[in-house]
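Participant: Structure for this input, please:
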Amino acid sequence: MNPGIRSPMNLERLSRITVEEGKCGGRPCIRGLRIRVKDVLELLSAGATFEEILQDYPSLEREDILAAIDYAAYQTDHVVLRT
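Facilitator: Purely as a prediction, here's the structure:
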């Protein structure tokens, strides 16, 4: 891979995703904040830009949004067997 091009999934960035008992029902959140990965992904799927999300959630950083995407990619990276 070209050193100037990032890998599609950054496993180090996944450390920004936290799961804490009693916080957001134990669902994955961004850096211990009460902002769920699901919320960020839904905003993106509704067409919100990174800039709009960062403006609406000033405690988030660009790397947090990318971490949410990486988390979703990581969670879906498994074999699906059809019977």
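Participant: now stretch 57-74: mean pLDDT?
Facilitator: The average pLDDT within stretch 57-74 is 96.
Participant: Could I get the buried residue list for that stretch?
Facilitator: 57, 60, 64, 65, 66, 67, 68, 69, 70, 71, 72 (16 or more other C-beta atoms under 10 Å). From N, CA and C alone the C-beta is placed, and that goes for glycine too.
Participant: List of residues touching that stretch?
Facilitator: 8-11, 13-14, 16-17, 28, 30-31, 33, 35, 37, 40-41, 44, 50, 53-54 (C-beta atoms under 8 Å, 6 or more residues apart in numbering).
Participant: With stretch 21-34 instead?
Facilitator: Contacts of stretch 21-34 (C-beta under 8 Å, 6+ apart): 16-20, 35-38, 40, 59-60, 64, 67-68, 71.
Participant: before we move on, back to that, out of the contacts of stretch 57-74, which sit inside helices?
Facilitator: 37, 40, 41, 44, 50, 53, 54 (DSSP state H).
Participant: What subset of the contacts of stretch 57-74 is buried?
Facilitator: The buried subset of the contacts of stretch 57-74 - by 16+ other C-beta under 10 Å - is 10, 13, 16, 17, 28, 30, 35, 37, 40, 44, 53, 54.
Participant: Where is pLDDT lowest across those residues?
Facilitator: Lowest confidence among these: residue 10, with 78.
Participant: secondary structure element for the closest residue to that one other than its chain neighbours?
Facilitator: Once flanking residues are discounted, residue 10 sits nearest to residue 70: 5.5 Å by C-beta to C-beta, 6 or more residues apart in numbering. Using DSSP states H and E, residue 70 falls within helix 62-75.
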